[in-house]
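Visitor: generate coordinates for the sequence data below:
(one chain, ligands or ions: 1)
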Amino acid sequence: MHDHLLIDGRLVAGAGLLPVIEPASGQVFAQAPRADVVQAEQAVAAGKRAARDWALVPQDRRTAALEALADALQAHAEPFAHMLTREQGKLLDESRGEVEGSIAALRYHAGLRLEPRILKQSTAELVVEQRFPLGLVVAIVPWNYPLLMLMLKLAPALLAGNTVIAKPAPTTPLTTLMLGTLAAEIFPAGVVQVLGDGGDLGPLLVAHPDVAQISFTGSQVTGRKVLAGAADGLKRFTLELGGNDAALVLDDADVGAIAADLFAGATANAGQVCLGIKRIYAARNKAEDLAEALADLARKAVVGDGLTPGSTMGPVQNAAQHRKVLDLAAEAKALGRIVGQGSAPAGDGYFIAPTVVRDMPESARLISQEQFGPLIPVQAYDDLDHAIALANASDYALGGSVWGGDVQRAMVVASRLETGLVWVNRVFDLPFDVPLGGARASGMGRHQGIEGVEEFTQTRIVNAALR
Ligand code: NAD
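Guide: All right, here's what the predicted structure looks like:
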């Protein structure tokens, strides 16, 4: 199911092959088709061609197509979840959750409607805001949630009447290619296309004059390149970029009640969650107990192959990420105090032992950069205002969380965090009807909710004199 690209309605071989490494073993386990420039040009031409007709397809038929894709994914949920674990590394249960979430995202967006908005209405005039699709959208996704991140682009873009080229990350192309085989049965030629690449086609697609919008999720570094690449064509774009989310633990927090949530917030998907907890600022009277509770959870974690029953944390996704997080762990040892550490299996898999470290200098990379691994820095603070300032002292501004016994007070603290999302006494609650996106350098534009569909449209004002 993952052997073909989907171009212009046909499942075709790639111009080349790309070895795909299983993070749990560090070994190549599959060859993915890889498109070349000629195939990318074919896909762009087909996507542009198909956009004219797809925009005219009645909304109900577009909805039915999204529902059909959700049904097909549901029917193949287990093979998708297994493949997701093999290519991405996450626990099988996490993969099942991602597949279920992807199905739910398709169904949620299928149920939305873009209605015209009446801006002025009287006996003399009618002014209406309508929305029309942009054309061909390129959806570029990262390797941490390959399916779910794609679905938050694919479903709203298609519903709004656009065509889509999906470009997965080169280290996790397989489930996206599998989705292509399902989409080939459902959508007219050129409406959904899948291009696997070797990490080389992004710039071409971003700058292509026939691409109307880039919907990008990935790192800040690449986001800047996408922005620059899209500038010449004055293209529409959505950027969902990285985060360095702080969790603020207040002096009235119940450590026993929140430690497991904080641990999960920092280590789900082996810490590779854009909205994961990357640094914890804990009130001095709570810091020691909290660090101990987290250290206990780290020691009990069973790091292993996501397909092995009993594993509670999988490997990180790729060799570069593995090296980076090991490097940060070494720096943590040198600059902070390790409170507790789990263990990681030996061998070639990209495993990292979850580690709790106290009181790093704020300049340490583990605090100042996006780590994307299962390392948990706990920074004690004496002054809440200072802790809030430290949480905000980052150009990353994706999410954050506040944890406290007095919810009203925690809400006030939350309203001082300058990020796109702040949770209070919870983490990872991401209902599809709530819009999602970063502030400052963590992104532009929104996913989810009706705003996430509007993102893939252009407004048109129709201004009529009624006489
Ligand atoms: P990345 O930026 O390296 O790659 C993302 C995608 O961009 C890949 O498909 C890659 O092939 C492609 N790409 C690379 N160079 C390109 C270029 N010059 N032009 C166009 N496309 C190019 O990101 P990653 O390492 O795969 O993913 C991890 C990052 O994604 C983290 O920073 C994480 O926080 C972020 N992320 C953000 C969100 C969010 O909603 N804000 C969600 C998930 C992940």
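
Visitor: tell me the residues of this structure that contact the ligand?
Guide: With C-beta under 6 Å from any ligand atom as the criterion, the chain meets the ligand at residues 140-145, 149, 167, 169-170, 199, 202-203, 206, 217-219, 222, 225-226, 240-243, 274, 370, 398, 438, 443. In short, each C-beta sits where N, CA and C put it, glycine included.

Visitor: burial of the residue in the stretch 1-150 of the chain that the ligand sits nearest to, as a residue count?
Guide: The stretch 1-150 of the chain approaches the ligand most closely through Pro142 (2.9 Å), counting by C-beta to the nearest ligand atom. Around Pro142 there are 23 other residues, counting by other C-beta atoms under 10 Å.

Visitor: and if you look at Ala81?
Guide: 24.

Visitor: skipping its backbone neighbours, what lies nearest the residue in the stretch 201-350 of the chain that the ligand sits nearest to in space?
Guide: Residue of the stretch 201-350 of the chain nearest the ligand, by C-beta to the nearest ligand atom: Gly202 (2.3 Å). In this structure, Gly202 finds its nearest non-sequential neighbour in Ile140, 5.9 Å apart by C-beta to C-beta, 6 or more residues apart in numbering.

Visitor: state the distance from that neighbour to Val273.
Guide: 19 Å (C-beta to C-beta, to the nearest Å).

Visitor: neighbour count for the two, which is higher?
Guide: In terms of neighbours (other C-beta under 10 Å), Ile140 is the more surrounded of Ile140 and Val273; the figures are 26 against 22.

Visitor: contacting residues for the more buried one?
Guide: Neighbouring residues of Ile140 by C-beta atoms under 8 Å, 6 or more residues apart in numbering: Lys167, Gly202, Leu205, Val206, Ile214, Ser215, Phe216, Thr217, Gly218, Val226.

Visitor: if we use 7 Å, what do you get?
Guide: Lys167, Gly202, Ile214, Phe216, Gly218 (C-beta atoms under 7 Å, 6 or more residues apart in numbering).

Visitor: again with Ser95
Guide: Contacts of Ser95 (C-beta under 7 Å, 6+ apart): Ala81, Leu84, Thr85.

Visitor: follow-up on the earlier one: near the residue of the stretch 201-350 of the chain closest to the ligand, how many other residues are there?
Guide: 21.

Visitor: tell me where the stretch 251-400 of the chain has strands.
Guide: With strands called from DSSP state E, counting those that start in this stretch, the stretch 251-400 of the chain shows them at 277-283, 337-341, 355-358, 375-381, 400-403.

Visitor: in CSV, list these along with distance to Leu177, mean neighbour count and mean pLDDT.
Guide: Converted to CSV, these look like this (distance: least, C-beta to C-beta, whole Å; neighbours: other C-beta atoms under 10 Å; pLDDT from 0 to 100):
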stretch, distance to Leu177, mean neighbour count, mean pLDDT
strand 277-283, 31, 26, 98
strand 337-341, 38, 17, 96
strand 355-358, 35, 26, 98
strand 375-381, 32, 25, 98
strand 400-403, 35, 29, 98
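
Visitor: adding distance to Ser122 as columns, could you present those in CSV?
Guide: Formatted as CSV, the strands of the stretch 251-400 of the chain follow (distance: least, C-beta to C-beta, whole Å):
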stretch, distance to Ser122
strand 277-283, 53
strand 337-341, 68
strand 355-358, 64
strand 375-381, 57
strand 400-403, 46
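
Visitor: quick one, which of those gets closest to Asp327.
Guide: strand 375-381 (10.8 Å; C-beta to C-beta).

Visitor: what angle separates that closest one from strand 277-283?
Guide: 30 degrees (axes from the mean of the first three to the mean of the last three C-alpha atoms, to 10 degrees).

Visitor: contacting residues around strand 375-381?
Guide: Outside strand 375-381, the residues touching it (C-beta under 7 Å, 6+ apart) are 266, 271, 279-284, 287, 290-291, 294, 325, 328-329, 332, 336, 355-360, 366-367, 387.

Visitor: check stretch 65-74 too.
Guide: 80, 99, 102-103, 106-107, 109-110, 155, 158-159, 182-183, 186-187.

Visitor: which among these end up buried?
Guide: Among the contacts of stretch 65-74, those buried by neighbour count (16 or more other C-beta atoms under 10 Å) are 80, 99, 102-103, 106-107, 109-110, 155, 158-159, 182-183, 186-187.

Visitor: low-confidence ranges, the stretch 151-300 of the chain, go.
Guide: Counting by pLDDT under 70, the stretch 151-300 of the chain shows no low-confidence range.

Visitor: as a check, name the ranges of all helices in it.
Guide: 174-184, 202-207, 220-231, 255-267, 284-300 (DSSP state H, counting those that start in this stretch).

Visitor: show me what counts as buried in the last one.
Guide: When neighbours are counted by 16+ other C-beta under 10 Å, the buried residues of helix 284-300 are found to be Lys286, Ala287, Leu290, Ala291, Glu292, Ala293, Leu294, Ala295, Leu297, Ala298.

Visitor: got the contact list for the last one?
Guide: Under the criterion of C-beta under 7 Å, 6+ apart, the neighbours of Ala298 are Gly340, Gln341, Gly342, Pro354, Thr355, Val356.

Visitor: ok, 10 Å please
Guide: Ala298 makes contacts with 263, 266-267, 313, 338-343, 353-356, 374-376, as judged by C-beta atoms under 10 Å, 6 or more residues apart in numbering.

Visitor: likewise the fourth one?
Guide: Shown in contact with Ala291 (C-beta under 10 Å, 6+ apart): 255, 259, 280, 282, 337, 339-340, 356-359, 376-380.

Visitor: list the buried ones in stretch 299-319?
Guide: Quick answer for stretch 299-319 (16+ other C-beta under 10 Å): 301, 303-307, 311, 313-318.

Visitor: quick check: phi and psi at the closest residue to Glu185 other than its chain neighbours.
Guide: Counting by C-beta to C-beta, 6+ apart, Ala72 is the residue found nearest to Glu185 once chain neighbours are left out, at 7.1 Å. Per-residue torsions, Ala72: phi -70, psi -40 (degrees, to the nearest 10).

Visitor: what's the neighbour count on Ala72?
Guide: Counted with other C-beta under 10 Å, Ala72 comes out at 17.
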